[in-house]
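Colleague: Give me the fold of what follows.
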Amino acid sequence: MAQSMLGEMVPPGVGTAAMGIAAFANWTGNLLVGQFFPQLIGPGTGTVFSIFAGVCVLACGFAVRWIAETGYRRSGPGHWSMSKASSSCPVTSRDPARAPCPLPVSLEMKDTGPAPAGTRATNSRFPLRRRTGSEGRTAIMGCEVSWFAALCDDDYEFLGVPEPALQSSWDHCRTIALAAEAGGYDNLLLPSGYAMGIDSVSFAAGIAPVLRRMQLLVAVRMGEMWAPQLARQLATLDQMLGGRLTVNIISSDLPGQKLDSGPRYQRTLEIMRVLRDLLGGKPVDFHGEFVDLTLDPPRLRPKGGCPPFYFGGLSEPAREVAAQAADVFLMWPDTLPGVKAVIGDMRARAARYGRELRFGYRAHVIVRSTEAEARAAARRLLSRLDAQTGEQIRRRSLDTSSVGNARQRELREEANHEGYAEPQLWTGIGRARSGAGAAIVGDPDQVLAKLREYQQLGMDSFILSGYPHVAEGDLFARHVLPRLDHAPLFPRLGRSARLCARQGDVLRLRGAFSANSTEYAPRNGKGRPWPGAARGQAVT
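Modeller: Residues are numbered from 1 along each chain as shown. Next up is the predicted model:
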């Protein structure tokens, strides 16, 4: 029992040492009892066994209170309580005496009952196949669900109001990554930006040894690095992850350089082709407009072949590049008819090249116990944003003039007075960020139903985020994710990850994250956990 307790009380990184200490304490106790048993039994057998029984009762109470697998989880660092009794504001204020929020931000989740028959475990691995019925409708077979690491200074309690504790840093982004793995997400997008935040490839190398199950979707900009060197970097990351690397191809302008759309996407296509050959262990003999290269592949290469390429873009050149060279075509938020039209177009384009595409949807989520509370949380998120600040934030990106961003502006213009372009699709987030500018807003049933509507249209993968990222990611992981049949879209797990999955490591990691630790708790600029993450404080 002592070993189990210590295994749950400490972070996974020192679990082995804790188990050793527990074993030492156990054997020491046995030795002492053996040496002094006659003296212990002297005062009376009943007294000795009463003490022993009392210790056992305390141990059982500890297990029920703290150990994750018992089903009772205490609120603590890294665990965002959903108790209705809590009315404190979510997360980030550094003033612990701040008055409670005027809006109903608490979250009491109703019991959804047992999982439907045939539902797979969170960490299950299965081939994602789709079949089309007689009426052309797509039968849902499963999906990949990813979270988002805010590497580009894109984490807020109130949009447009910087909070030092939420700015991109190794500590904060590591917290997001560990929370996502603990929550059971299949993949994690590491975005790339120049002016804001930290580097995606460097962060991936740092976090890779810490992760035990989850894949990484690492964003890389085509042209920033010479293709052979980029291939070697990606192969190294894949090795560090045990074969769990996926790649988000970015085709924006480079810092200090402007290219027209056509040449820029031509450069992207050439680099993608060279990368695929080098990462697949093939020699390269390529002579294009931007890449002129004859080269044998490096010794280091992914054992499973080239990692899958996720790529998005709505312009004509972008769609052609995706049809020829991508594995997953990514879309930013759009209405259901808009999504259906793009998927149909991209399937037809890929077919002309003898290829098939998977499809991914990048959006934000706001999930609360009722639709009214979710909408109130959305309004609160924008409550301190002014138009000038929002415009400045949008212009920091290198792709503000893209066709995709133009479509996000159109969605905001087409939305109703509350910012909803269609039921549950709220465009307010686009007022303060470039790129994906809408959120799925509602109670767990509504959010789940919306995702399934996208699945019916052909979506295979969802890359989600919310503000603040740790808190919203935990809400979604607890109240929507278990009801989705999900797993990595490309299950390329290595031996160590398969072993962890077989041993139920997701549960143990999640318990340790929620029950322990200041190590994983979000911290402020002085290295101390910020008040919203204090042990025992309910945060919704």
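
Colleague: got the domain boundaries for the protein?
Modeller: 2-70, 145-533 (automatic domain parsing).

Colleague: Highest mean neighbour count out of the ones you listed?
Modeller: domain 145-533 (a mean of 20; mean count of other C-beta atoms under 10 Å). Using the backbone N, CA and C atoms, a C-beta is placed for each residue, glycine as well.

Colleague: re earlier: for the domains of the chain, give me JSON lines that also has mean pLDDT.
Modeller: Converted to JSON lines, the domains of the chain look like this (pLDDT from 0 to 100):
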{"stretch": "domain 2-70", "mean pLDDT": "58"}
{"stretch": "domain 145-533", "mean pLDDT": "85"}
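
Colleague: Tell me which helix or strand comes right after the longest strand seen in the chain.
Modeller: Of all segments of type strand in the chain, defined using DSSP state E, the longest is strand 358-367. Per DSSP states H and E, strand 358-367 leads on to helix 371-381 as the next helix or strand towards the C-terminus.

Colleague: okay, that following helix in PDB with CA atoms only?
Modeller: Taking Å, rounded to 0.1, in the frame of the first residue of the first chain, the C-alpha atoms of helix 371-381 are listed here in PDB:
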ATOM      1  CA  GLU A 371     -25.300  26.000 -23.600                       C
ATOM      2  CA  ALA A 372     -26.000  29.200 -21.600                       C
ATOM      3  CA  GLU A 373     -22.900  28.800 -19.500                       C
ATOM      4  CA  ALA A 374     -20.800  28.000 -22.600                       C
ATOM      5  CA  ARG A 375     -22.000  31.200 -24.300                       C
ATOM      6  CA  ALA A 376     -21.400  33.200 -21.200                       C
ATOM      7  CA  ALA A 377     -17.800  31.900 -21.100                       C
ATOM      8  CA  ALA A 378     -17.400  32.900 -24.800                       C
ATOM      9  CA  ARG A 379     -18.600  36.500 -24.000                       C
ATOM     10  CA  ARG A 380     -16.300  36.700 -21.000                       C
ATOM     11  CA  LEU A 381     -13.400  35.700 -23.200                       C
END
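
Colleague: which helices and strands sit right next to it?
Modeller: Contacts defined by 3 or more C-beta pairs under 8 Å, 6 or more residues apart in numbering; DSSP states H and E place helix 371-381 against strand 358-367, strand 439-442.

Colleague: Distance to Val470 added to those strands, as a markdown table?
Modeller: Listed next are these as a markdown table, based on distance: least, C-beta to C-beta, whole Å:
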| stretch | distance to Val470 |
| --- | --- |
| strand 358-367 | 14 |
| strand 439-442 | 17 |
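
Colleague: Of all the ones you listed, which one comes closest to Cys173?
Modeller: Comparing the helices and strands packed on helix 371-381 by their distance to Cys173 (C-beta to C-beta), the top pick is strand 358-367, with 17.5 Å.

Colleague: Tell me which other helices or strands that closest one touches.
Modeller: Using 3+ C-beta pairs under 8 Å, 6+ apart: strand 358-367 touches strand 309-312, strand 328-331, helix 336-352, helix 371-381, strand 439-442, helix 444-457, strand 461-465, helix 469-479.

Colleague: could you redo those as CSV and give each row distance to Ala149?
Modeller: CSV is the format used below for these (distance: least, C-beta to C-beta, whole Å):
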stretch, distance to Ala149
strand 309-312, 15
strand 328-331, 16
helix 336-352, 25
helix 371-381, 19
strand 439-442, 18
helix 444-457, 21
strand 461-465, 9
helix 469-479, 7
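
Colleague: So for Pro283, which of these sits nearest?
Modeller: strand 309-312 (20.0 Å).

Colleague: list the helices and strands the next helix or strand after that closest one packs on?
Modeller: Downstream of strand 309-312, the first helix or strand assigned by DSSP H and E is helix 316-325. In terms of contacts (3+ C-beta pairs under 8 Å, 6+ apart), helix 316-325 is packed against helix 261-279, strand 309-312, helix 336-352.

Colleague: Measure how far the direction of the last one deviates from that of helix 444-457, in degrees.
Modeller: Helix 336-352 runs at 30 degrees relative to helix 444-457, counting by axes from the mean of the first three to the mean of the last three C-alpha atoms, to 10 degrees.

Colleague: tell me which strands and helices helix 336-352 is in contact with?
Modeller: When contacts are defined as 3+ C-beta pairs under 8 Å, 6+ apart, helix 336-352 packs onto helix 316-325, strand 328-331, strand 358-367, helix 444-457.

Colleague: Make a markdown table from those and add distance to Ala219 to it.
Modeller: Formatted as a markdown table, the helices and strands packed on helix 336-352 follow (distance: least, C-beta to C-beta, whole Å):
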| stretch | distance to Ala219 |
| --- | --- |
| helix 316-325 | 15 |
| strand 328-331 | 11 |
| strand 358-367 | 11 |
| helix 444-457 | 22 |
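
Colleague: Ok, which of those comes nearest Pro423?
Modeller: helix 444-457 (7.9 Å).

Colleague: what lines up beside the longest strand of the chain in the sheet?
Modeller: Its sheet considered, strand 358-367 pairs with strand 328-331 (parallel), strand 439-442 (parallel), strand 461-465 (parallel) by DSSP bridges.

Colleague: Please save the CA atoms from the first one in CSV.
Modeller: The C-alpha atoms that make up strand 328-331 are tabulated as CSV, following Å, rounded to 0.1, in the frame of the first residue of the first chain:
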residue,chain,number,x,y,z
VAL,A,328,-3.9,15.1,-44.5
PHE,A,329,-5.6,18.2,-45.7
LEU,A,330,-6.3,20.6,-42.9
MET,A,331,-9.1,23.1,-42.7
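
Colleague: Run the angle between the helix or strand that contains Leu411 and helix 261-279 for me.
Modeller: Assigned by DSSP H and E, Leu411 belongs to helix 403-414. Orientation of helix 403-414 against helix 261-279 (the same axes, to 10 degrees) gives an angle of 120 degrees.

Colleague: so what secondary structure elements neighbour helix 403-414?
Modeller: Against helix 403-414 (3+ C-beta pairs under 8 Å, 6+ apart) you get strand 420-422.

Colleague: tell me what the strand it packs on is packed against?
Modeller: helix 403-414.

Colleague: Outside of the helix it packs on itself, list whatever touches it.
Modeller: 312-315, 318, 332-335, 338, 394, 397, 399, 419, 421, 425, 427, 430-431, 434-438 (C-beta atoms under 8 Å, 6 or more residues apart in numbering).

Colleague: Can you pull out the residues in contact with stretch 260-274?
Modeller: 222-223, 227-228, 230-231, 249, 251-253, 259, 284, 286, 288-291, 293, 309, 311, 313, 315, 317-318, 320-321, 324-326.

Colleague: rerun at 7 Å
Modeller: The contact list for stretch 260-274 (C-beta atoms under 7 Å, 6 or more residues apart in numbering) reads 222-223, 227, 249, 251, 253, 284, 286, 288-291, 293, 309, 315, 317-318, 321, 324-325.

Colleague: Strands of the stretch 151-300 of the chain, start to end?
Modeller: Secondary structure of the stretch 151-300 of the chain (DSSP state E, counting those that start in this stretch): strands located at 187-190, 215-221, 245-250, 284-287, 292-295.

Colleague: in its sheet, what does the fourth one sit against?
Modeller: Strand 284-287 has the following strand partners under DSSP bridges: strand 292-295 (antiparallel).

Colleague: Equivalent analysis for the second one, please.
Modeller: Take DSSP bridges as the rule and strand 215-221 pairs in its sheet with strand 187-190 (parallel), strand 245-250 (parallel).
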